[in-house]
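# sequence and predicted model, in that order:
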Amino acid sequence: MKRFQFGALVLLLSAGSLPIFLLGFGASNPTTVVTQAQAAEPQSSPKKAAASYNAEGELIRPADHREWVFVGAPVTPNDMNDGKAAFPEFHNVYIDPASFASYKKKGTFPEGTVILKELVSVGSKSMDSGNGYFQGEFISLEAMVKDNRRFKDEPGGWAFYRFGEAPDYKAAGLRMKTESCNDCHSGANEDYVFTETYPVLRAAKAKAAK
Ligand code: HEC
């Protein structure tokens, strides 16, 4: 009885190892190697798009934008702009994490990229560290979204939105006219985004180039 079981096991094993052998043989073909490498990677569940829209086509405000990747904070203080900076004063800029991951890999903004700019006032101008500009209160929130299919008439496929004033940002952002935002962004150094002012993006791009 024991011997029979052993024989059956050997039979089973050899039958089972036949496809394994064939698979191993196929692995010497470069295309098969790639397929196997991909299969070995953990299958990530499809990511939820950062941009979603309501029935009116307005951009739904992300609930957690302050947890996105913070890329920098240009500052155009009122007191350096005759008391009325066009975009007062700090501009805290965030990108959705999935698009940042893709940018880090490929060095370009993927379709579906969402970049948010939250304006923050200058609060104190003096701290124990010295004189300077320190962040005060949130002022307003704006966004730009890249989607060449949805926004095929917009230059570069980028649409611009405004969520209004803090602290009561609108649940959905109002779409801005091309000439209000996009025209000026056409002059940006990289794909409608002023990446030259964000060291985090510059460093990510330099890595992607390698
Ligand atoms: C006069 C030119 C100009 C106009 C008009 C303009 N922007 Fe910008 N925007 C800039 C510049 C320059 C930066 C980067 C430096 C800064 O924030 O001061 C920027 C930054 C941004 C960013 C961060 C990403 C990036 O490209 O750096 C967003 C988002 C943004 N603007 C949205 C808007 C929206 C929404 C409007 C329209 C309501 C708008 N902008 C109008 C010049 C402009």
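Now that the structure is in, tell me what you want to look at.
# from here on, contacts and neighbour counts on C-alpha atoms
Fine.
# now do the phi/psi pair for the residue lying closest to Ala206 once chain neighbours are set aside.
Spatial nearest neighbour of Ala206, excluding adjacent residues (C-alpha to C-alpha, 6 or more residues apart in numbering): Gly107 at 7.8 Å. Dihedral angles of Gly107 (phi, psi; degrees, to the nearest 10) stand at phi 80, psi 10.
# for Gly164, see how far away Gly107 is.
As judged by C-alpha to C-alpha, to the nearest Å, Gly107 and Gly164 stand 31 Å apart.
# what does Glu118 give?
Computed as C-alpha to C-alpha, the Glu118 to Gly164 distance reads 10 Å.
# higher neighbour count, the two?
Counted by other C-alpha atoms under 10 Å, Glu118 and Gly164 do not tie: Glu118 has more neighbours, with 22 against 17.
# quick one: list the elements packing against the lengthiest strand in the chain.
In the chain, assigned by DSSP state E, the strand with the most residues is strand 135-146. Under the contact definition 3 or more C-alpha pairs under 8 Å, 6 or more residues apart in numbering; DSSP states H and E, strand 135-146 sits against strand 114-122, strand 158-165.
# those strands into a markdown table, with extra columns for mean pLDDT?
Output for these, formatted as a markdown table (pLDDT from 0 to 100):
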| stretch | mean pLDDT |
| --- | --- |
| strand 114-122 | 98 |
| strand 158-165 | 98 |
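# of those, which is nearest Ala98?
Closest approach to Ala98 among the helices and strands packed on strand 135-146 is made by strand 114-122 (9.7 Å; C-alpha to C-alpha).
# quick one: strands adjacent to the closest one?
strand 90-95 (antiparallel), strand 135-146 (antiparallel) (DSSP bridges).
# what's the angle from it to strand 158-165?
On the basis of axes from the mean of the first three to the mean of the last three C-alpha atoms, to 10 degrees, strand 114-122 is oriented at 40 degrees to strand 158-165.
# helix or strand right after strand 114-122?
Using DSSP states H and E, the next helix or strand after strand 114-122 towards the C-terminus is strand 126-127.
# partner strands of that next one and their direction?
In the sheet, strand 126-127 lines up against strand 130-131 (antiparallel) (DSSP bridges).
# returning to what we had before: joint contacts of Glu118 and Gly164?
Both Glu118 and Gly164 are contacted by Ser140, Leu141, Glu142, under the criterion C-alpha atoms under 8 Å, 6 or more residues apart in numbering.
# near the ligand, which residues of this structure are found?
74, 91, 93, 115-117, 142-144, 160-162, 180-181, 184-185, 192-195 (C-alpha under 6 Å from any ligand atom).
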